[in-house]
Every structure is written in structure tokens, then in C-alpha cells.
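Novice: With the sequence up front, the predicted model follows.
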Amino acid sequence: MLIVLAFVFGAILGTGAHFAIGGRGLRGRAVGPVLGTFLGGLAWMIATWAGQGPDTAWPWLASVLVPAVAVPLALLALTRVRTRTDAQTRARLGI
């Protein structure tokens, strides 16, 4: 049941990244929190399957650090791709 805390940590970090990174109107509102939740739970699962119990620091660190690093990078990439795609579409349509 401690994996629920990993989900919560990931959701909080994803929400924070969503609001901290510009271009919020270019991506969905739920992308950051959902991606953070998924990555936090995945990091916890991998750490526990690797034999690290919840009494060690590794699952806890992984469930916080993985979303804290990966979600902002993913949101930045999504924003850049969307900006570039929108510009190409506007140029193609002559807008």
C-alpha cells in the first residue's frame, strides 16, 4: 500500500511541473500530473521488484527523483513539438 505515496508524490511533482513550465495552453492539463503519477509508481515498482524494500531509501528516492527529472523534460519536449507543429500548420495553411 505504500505505492500510493509514490503515486501521490508523482502527481504533486507533475502538477508543479505543469504550472512551472510555460506553454500550458499548448498541452493538456492532465499530462503533467498523470505522467508524474505513472512515473512515480513505475519507479517504486521497479525498485521493489529489484529487491529494495520500503524500509530502504531507494524506492522513496526513485519515486521522487524520477518524476522530478522526467516530467519537466517531457513537458518541455511536448511544448516544443506542439509549437513547431502549429507553426508548420499555420505556414501550410497561409494563416
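Specialist: It's in.

Novice: Just the buried positions in the helix or strand hosting residue 15, please.
Specialist: Assigned by DSSP states H and E, residue 15 belongs to helix 3-20. Within helix 3-20, the residues scored as buried using 16 or more other CB atoms under 10 Å are 5-7, 9-18. Every residue, glycine included, has its C-beta placed from N, CA and C.

Novice: which helices and strands sit right next to the lengthiest helix in the chain?
Specialist: Counting residues, the longest helix found in the chain (DSSP state H) is helix 58-93. Where contact means 3 or more CB pairs under 8 Å, 6 or more residues apart in numbering; DSSP states H and E, helix 58-93 is packed against helix 3-20, helix 31-49.

Novice: Make a markdown table from the ones you listed and add mean pLDDT to it.
Specialist: A markdown table is the format used below for the helices and strands packed on helix 58-93 (pLDDT from 0 to 100):
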| stretch | mean pLDDT |
| --- | --- |
| helix 3-20 | 95 |
| helix 31-49 | 96 |
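
Novice: Okay, buried residues for the longest helix of the chain please.
Specialist: The neighbour-count check on helix 58-93 (16+ other CB under 10 Å) flags 58-60, 62-64, 66-68, 70-72, 74-75, 78-79 as buried.

Novice: pretty sure residue 20 is touching residue 72, no?
Specialist: Yes - in terms of CB atoms under 8 Å, residue 20 counts as a neighbour of residue 72; the distance is 7.4 Å.

Novice: quick one: contacts for the residue most central in space within the chain?
Specialist: Centroid-nearest residue in the chain: residue 71, 2.9 Å away (criterion: CA atoms, centre = their mean). Shown in contact with residue 71 (CB atoms under 8 Å, 6 or more residues apart in numbering): 10, 13, 14, 17, 32, 35, 36, 39.

Novice: Brilliant, that's me finished.
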